[in-house]
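1. would you be able to build a 3D model of this:
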Amino acid sequence: MGQRSYKGKIMKQLARVVGTVGLSSVIILVTSLLVFGFANDNFSFLNDFISELGARGEPYAFWFNLVTFVLVGLLLFVFGLSYGLLLNDKVLSFLLSLFGLGFGFTAIPVDLQLADAPVSKAHVLAICLGLAFWMFGLSRLGYSQRIAKRTRNMANCSAVFLLIAIIGFVLGAWSMPITHRLIFAVVFGWIAITSVQLIISEKHITPKRSV
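-> Predicted structure coming up:
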């Protein structure tokens, strides 16, 4: 009984650390977007892609890419890897950590003058791969009976909101830059909520046997 209680305390402490890492990534991302967005007089929060702040020739592009993509991507890698391990799911850990790596590689600056340039294609590829791994991770969360129901429901709701954002763009309800922001909101909204739950709730983690 004592050993089980000690293990539970360790798991709770680890969950708080993982939650802090995830929440830090969201806070740094939002802060960076606001700081660099307002510092660039040519940037529109409504009409421009976020990646344009780090495009070649843009002011503070190097620092924007370093903070917003490399640093946040590293935190997301650690968060994804650790979160999956906390849930005793190595596949989930693998998928979410790859999402973090994909996000980090979006630091490759896009060339606004040459959309077909190799760096621009690499940037888009990193975004697409990262988002794909995140979706696969959410699918793993949403359909795994080894994970708490509340966690599954939140993963499924996030996936639905993501699809709504994409379908809205296809139907012409909003522009691609708006779709871009909605996707960011869904992804990092899930990370923020999950992180807060890890910090304040011990019921979020239900360790079970690994498969």
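2. ok, A107 - contacts?
-> Going by C-beta atoms under 8 Å, 6 or more residues apart in numbering, A107 touches G54, N65, L66, T68, F69, V70, G73. All C-beta spots, glycine's among them, are computed from the backbone N, C-alpha and C.
3. can you add secondary structure, neighbour count and pLDDT and give those residues back as TSV?
-> Conversion of the contacts of A107 to TSV gives the following (DSSP: H, G, I helix; E, B strand; the rest coil; neighbours: other C-beta atoms under 10 Å; pLDDT from 0 to 100):
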residue	secondary structure	neighbour count	pLDDT
G54	helix	25	91
N65	helix	25	95
L66	helix	15	95
T68	helix	25	95
F69	helix	24	95
V70	helix	15	96
G73	helix	23	96
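4. of those residues, just say which sits nearest to G104.
-> G73 (2.4 Å; C-beta to C-beta).
5. contact partners for that closest one?
-> Contacts of G73 by C-beta under 8 Å, 6+ apart are G100, L101, G102, F103, G104, F105, T106, A107.
6. which of those residues tops the neighbour count?
-> Within the contacts of G73, neighbour counts (other C-beta atoms under 10 Å) peak at F103, which reaches 29 neighbours.
7. three-state assignment of that one?
-> F103 carries the three-state label helix when classified by DSSP: H, G, I helix; E, B strand; the rest coil.
8. now the one 5 residues further on
-> Counting by three-state DSSP, the backbone at I108 sits in coil.
9. again with V35
-> Under three-state DSSP, V35 comes out as helix.
10. tell me, how many residues neighbour it?
-> For V35, using other C-beta under 10 Å, the count is 16.
11. next, the buried residues of stretch 153-162.
-> Within stretch 153-162, the residues that count as buried by 16 or more other C-beta atoms under 10 Å are M154, A155, S158, A159, F161, L162.
12. that should have said stretch 86-99, apologies.
-> Within stretch 86-99, the residues that qualify as buried by neighbour count (16+ other C-beta under 10 Å) are L86, L87, N88, D89, L92, S93, F94, L95, L96, S97, L98, F99.
13. show me the contacts for G80.
-> S93, L95, L96, S97, L98, F99, G100, G137.
14. what does L76 give?
-> So L76 contacts G22, S25, L96, F99, G100, F103, G104, I191 (C-beta under 8 Å, 6+ apart).
15. format the residues you listed as a markdown table; extra columns: distance to F79.
-> Shown next, in a markdown table, are the contacts of L76 (distance: C-beta to C-beta, whole Å):
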| residue | distance to F79 |
| --- | --- |
| G22 | 4 |
| S25 | 6 |
| L96 | 7 |
| F99 | 9 |
| G100 | 7 |
| F103 | 11 |
| G104 | 12 |
| I191 | 7 |
